[in-house]
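Trainee: need coordinates for the below:
(one chain, ligands or ions: 1)
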Amino acid sequence: MASEPAVELDGVRKRYGETTAVSELSLSIRDGEFFTLVGPSGCGKTTTLRLLAGFERPTDGVVRFDGASVTGVPPEERNVGVVFQSYALFPHMSVGENVAYGLNFAEPPGGVSDSERVRELLELVDLPGMADRDPDTLSGGQQQRVAIARALAPGPEILLLDEPMSALDAKLRERLRVQVREIQQELGITTVYVTHDQEEALAISDRVAVMRDGTPEQVGPPREIYRRPTTPFVADFIGDNNVIEGTVTDLRETADGRVADVSVGEETLTVGLEGAATRGDEITFCVRPERLAVGDGPNALSTTVTSAEFLGETTRVHLDWGGRPLRLRTRSPPTGTATVTFAPEDAHVITVR
Ligand SMILES: Nc1ncnc2c1ncn2[C@@H]1O[C@H](COP(=O)(O)OP(=O)(O)OP(=O)(O)O)[C@@H](O)[C@H]1O
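Mentor: Reported below is the predicted structural model:
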């Protein structure tokens with residue numbers, strides 16, 4: 001028999017007066033999984049995490065850990081470790097005392113002494129020998145790792161992280177996210193992570209839920225979310241994308257598979273098709289900027305360059321295609337006018353109506 005999900009939200013809704021913070025929230029998170037909630041500000045990520053931590057009680061629905069309801073169980077009895085956006089370390093305590101505080105008078109797991117547990121944890125978060133330091137003398141990234149060590153001190157079964165990197169600069173964030181993933185893998189701890197940063201979400205997660213207006217709009221592994229967005233919102237929010245709408249004028253079989261001819265303004269484009277469609281359907285598809293190429297080929301679009309952003313290895317070029325904006329990512333940016341093309345199989349159909 002398949003084991004129970006480590007964490008389950010079943011038909012959860014949370015209202016604050018007139019505001020619905022989360023609705024129709026049903027998610028199953030597997031044991032040992034690194035699961036990320038990503039979405040724009042106000043989509044209900046923090047509320048979801050607070051429901052899991054036990055700081056909030058759902059208006060409707062059930063929260064389960066390992067198959068058992070914890071809906072009315074207070075935070076201190078949930079066996080979760082929580083790390084917030086701000087490090088919230090106690091400035092009058094040493095690093096080691098901060099970590100030991102996380103034990104909250106509980107016996108350290110594994111029958112070790114408090115000081116041994118602190119030593120183990122500081123090693124885990126790559127701050128060995130820092131126990132006597134003042135938190136003020138550490139960098140933001142190091143302080144956040146102390147906060148993680150403190151949350152892990154009593155050996156929780158679930159780790160909850162709410163935007164733990166948002167106070168750090170970009171370089172530190174990139175380094176810390178790798179460290180967080182390594183810590184999580186080493187412990188194999190079920191982790192729920194909240195971020196508004198889609199790149200961060202793709203980089204560290206086993207699975208991602210893209211949230212919008214209090215509901216997950218798509219749940220899946222990073223590659224699937226990136227390659228096969230199921231809604232225009234996900235296509236647009238995750239990574240850079242060109243989302244295009246048109247009308248199906250024909251359906252054909254080609255050597256490369258089934259395609260639809262799609263009328264977009266004055267032009268007809270050909271896109272690969274996996275699902276069903278009929279002539280006259282309204283279709284929304286997307287093409288990633290790195291899948292557009294300058295030159296001749298199928299789906300040749302005449303464009304004008306409006307601006308370009310140098311990103312190092314590649315340049316993001318903003319194009320105007322008959323009044324529609326398009327983005328191209330390339331190592332050899334065009335100037336002036338450019339014909340760009342994309343292969344039908346590089347178009348991903350999002351919706352057909
Ligand atoms: N305690 C509260 N009282 C009233 N409304 C709240 C409360 N907490 C959250 N909300 C509202 O619920 C909605 C979801 O908020 P939440 O903080 O969960 O979003 P979020 O995705 O975490 O946003 P952010 O990325 O800005 O933190 C918002 O409209 C917010 O204003």
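Trainee: sec struct for residue 5, please.
Mentor: Taking DSSP: H, G, I helix; E, B strand; the rest coil as the rule, one finds residue 5 in the coil state.
Trainee: neighbours around the nearest residue to it once chain neighbours are set aside, how many?
Mentor: In space, and not counting its chain neighbours, residue 5 is closest to residue 28: 3.9 Å by C-beta to C-beta, 6 or more residues apart in numbering. From N, CA and C alone the C-beta is placed, and that goes for glycine too. Neighbourhood size, residue 28 [other C-beta atoms under 10 Å]: 15.
Trainee: likewise for residue 280?
Mentor: The number of residues packed near residue 280 is 8, by other C-beta under 10 Å.
Trainee: helix or strand: which one has the residue nearest to residue 5?
Mentor: strand 19-29 (DSSP states H and E).
Trainee: any idea how far residue 190 lies from the ligand?
Mentor: Residue 190 sits 20 Å away from the ligand, going by C-beta to the nearest ligand atom, to the nearest Å.
Trainee: kindly report the same for residue 178.
Mentor: Distance of residue 178 to the ligand, given as C-beta to the nearest ligand atom: 23 Å.
Trainee: which SS state does that residue fall under?
Mentor: helix.
Trainee: next, the contact list for it, please.
Mentor: Residue 178 is in contact with residue 204, counting by C-beta atoms under 8 Å, 6 or more residues apart in numbering.
Trainee: which bits of the stretch 51-200 of the chain sit near the ligand?
Mentor: Taking C-beta under 6 Å from any ligand atom as the contact definition, the stretch 51-200 of the chain meets the ligand at residue 196.
Trainee: what does whichever helix or strand comes after the strand holding residue 28 rub up against?
Mentor: Remark: after strand 19-29, the chain's next helix or strand is strand 34-38, criterion DSSP H and E. By C-beta under 8 Å, 6+ apart, the residues outside strand 34-38 that reach it are 7, 27, 29, 45, 48-49, 181, 184, 190-198, 200-201, 204-211, 216, 237-238.
Trainee: can you check the pLDDT for the closest residue to residue 109 other than its chain neighbours?
Mentor: The shortest distance from residue 109 to any non-neighbouring residue, by C-beta to C-beta, 6+ apart, is to residue 155 (3.5 Å). Model confidence at residue 155, given as pLDDT, is 92.
Trainee: touching, residue 155 and residue 111? I think so.
Mentor: No: using C-beta atoms under 8 Å as the test, residue 155 is too far from residue 111 to be in contact (11.4 Å).
Trainee: who has more neighbours, these two?
Mentor: Each of residue 155 and residue 111 has its neighbours counted (other C-beta under 10 Å); residue 155 has more, 17 against 7.
Trainee: pretty sure residue 190 sits against residue 157.
Mentor: Yes: between residue 190 and residue 157 there is a contact at 6.6 Å, judged by C-beta under 8 Å.
Trainee: how close does the closest residue to residue 181 other than its chain neighbours sit to the ligand?
Mentor: Leaving aside its chain neighbours, residue 181 sits nearest to residue 204 (4.6 Å; criterion: C-beta to C-beta, 6+ apart). Between residue 204 and the ligand the distance is 17 Å, computed by C-beta to the nearest ligand atom.
Trainee: right, and residue 204 touches residue 198 too?
Mentor: No: using C-beta under 8 Å, residue 204 is not in contact with residue 198, being 11.7 Å away.
Trainee: quote the end-to-end distance of stretch 80-92.
Mentor: The first residue of stretch 80-92 is 25 Å away from its last residue (C-alpha to C-alpha, to the nearest Å).
Trainee: I'd like the average pLDDT over that stretch.
Mentor: For stretch 80-92, the mean per-residue pLDDT is 87.
Trainee: can I see the domain layout of this protein?
Mentor: What automatic domain parsing lists as the domains of the chain is 7-231, 240-352.
Trainee: deepest of those, which one?
Mentor: Of all the domains of the chain, domain 7-231 has the most neighbours on average by mean count of other C-beta atoms under 10 Å, namely a mean of 18.
Trainee: now the stretch 51-200 of the chain against the ligand: closest residue?
Mentor: Nearest residue of the stretch 51-200 of the chain to the ligand, counting by C-beta to the nearest ligand atom: residue 196, 4.9 Å away.
Trainee: that residue contacts residue 44, correct?
Mentor: No: using C-beta under 8 Å, residue 196 makes no contact with residue 44, being 11.9 Å away.
Trainee: overlap in contacts, those two.
Mentor: Counting by C-beta under 8 Å, 6+ apart, residue 196 and residue 44 have no common neighbour.
Trainee: list the contacts for the closest residue to residue 304 other than its chain neighbours?
Mentor: Excluding the flanking residues, the one nearest residue 304 by C-beta to C-beta, 6+ apart is residue 320, at 4.8 Å. Contacts for residue 320 (C-beta under 8 Å, 6+ apart) come out as 303, 304, 306, 326.
Trainee: can I get the strand or helix carrying the second one as CSV, trimmed to CA atoms?
Mentor: In this case it means residue 304. Using DSSP H and E, residue 304 sits in strand 301-310. Extracted in CSV, the C-alpha atoms of strand 301-310 (Å, rounded to 0.1, in the frame of the first residue of the first chain):
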residue,chain,number,x,y,z
LEU,A,301,7.8,36.5,-38.3
SER,A,302,8.8,40.0,-39.4
THR,A,303,9.7,42.0,-36.4
THR,A,304,11.3,45.3,-35.3
VAL,A,305,13.8,45.4,-32.4
THR,A,306,12.5,47.8,-29.7
SER,A,307,15.2,47.2,-27.0
ALA,A,308,17.7,44.7,-25.7
GLU,A,309,18.9,43.6,-22.3
PHE,A,310,22.4,42.2,-22.1
